[in-house]
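Novice: just need the structure, nothing else, for what follows:
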Amino acid sequence: MERNGTPSEQLTARQRAAIEALLVTPTTQEAAAQVRVGRSTLYRWLRDPSFKSSLREAEQAAVEAASRRLLVMQDQALATFERLLDETVDVPDSVRLRAAQAVLDNFFRLRELQSNEERLSELERLVYGR
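Specialist: Next up, the predicted model:
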């Protein structure tokens, strides 16, 4: 049987509900129960290329939505670190130390990610001529 349309258009309503359930439940078994299908049915769907593709698209959309939310909160988070590191603010030294460590850890993680991105881009340029 030939299927037409995008992968998500090829799914049944129950399969689309299963994708939503997979995004919000911690286990496949709970997702299957939420949608009222057997676990073996859900596992069969997970092997279906259209279902897998639609699930990947939904996961990517969820990650992008989370990224946007994090971007909105970043200024507040940085201001919190700044306040905790301000020596005129009355906070225990242990809290100040944890804040300083978190700032440094994240700074070094960011630098490492930037360095890896630069190296990967250079390798891709050399290999693929990009």
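
Novice: going forward, measure contacts between C-alpha atoms and count neighbours the same way
Specialist: Will do.

Novice: the most centrally placed residue in the chain: which element?
Specialist: Taking Cα atoms, centre = their mean, the centroid of the chain lies closest to Val63, which sits 3.7 Å from it. Assigned by DSSP states H and E, Val63 belongs to helix 49-85.

Novice: now that helix: buried residues?
Specialist: Using 16 or more other Cα atoms under 10 Å as the burial criterion, the residues of helix 49-85 that qualify are Ser50, Phe51, Lys52, Ser54, Leu55, Ala58, Glu59, Phe81, Arg83, Leu84, Leu85.

Novice: strands of the protein, residue ranges please.
Specialist: Using DSSP state E, no strands are found in the chain.

Novice: let me see the contact set for the residue lying farthest from the centre of it.
Specialist: Distance from the C-alpha centroid of the chain peaks at Thr88, with 37.1 Å (Cα atoms, centre = their mean). If you count contacts by Cα atoms under 8 Å, 6 or more residues apart in numbering, Thr88 has none.

Novice: what pLDDT does it get?
Specialist: Predicted confidence (pLDDT) for Thr88: 91.

Novice: can you check Ser8 too?
Specialist: Per-residue pLDDT puts Ser8 at 62.

Novice: now do Gly129
Specialist: 85.

Novice: Gly5 too?
Specialist: Looking at Gly5, its pLDDT reads 59.

Novice: repeat for Glu2
Specialist: pLDDT recorded at Glu2 is 43.

Novice: dump the residue contacts of the closest residue to Phe81 other than its chain neighbours.
Specialist: Ranked by Cα to Cα, 6 or more residues apart in numbering and with sequence neighbours excluded, the top spatial neighbour of Phe81 is Ala99, at 6.0 Å. Applying Cα under 8 Å, 6+ apart to Ala99 gives the contacts Phe81, Leu84, Leu85.

Novice: nearest spatial neighbour of the last one, chain-adjacent residues omitted?
Specialist: By the measure of Cα to Cα, 6+ apart, the closest residue to Leu85 outside its immediate chain neighbours is Arg96, 5.6 Å from it.

Novice: for Leu59, list the residues it contacts.
Specialist: Not quite, residue 59 is Glu, not Leu. Taking Cα under 8 Å, 6+ apart, we find Glu59 in contact with Leu23.
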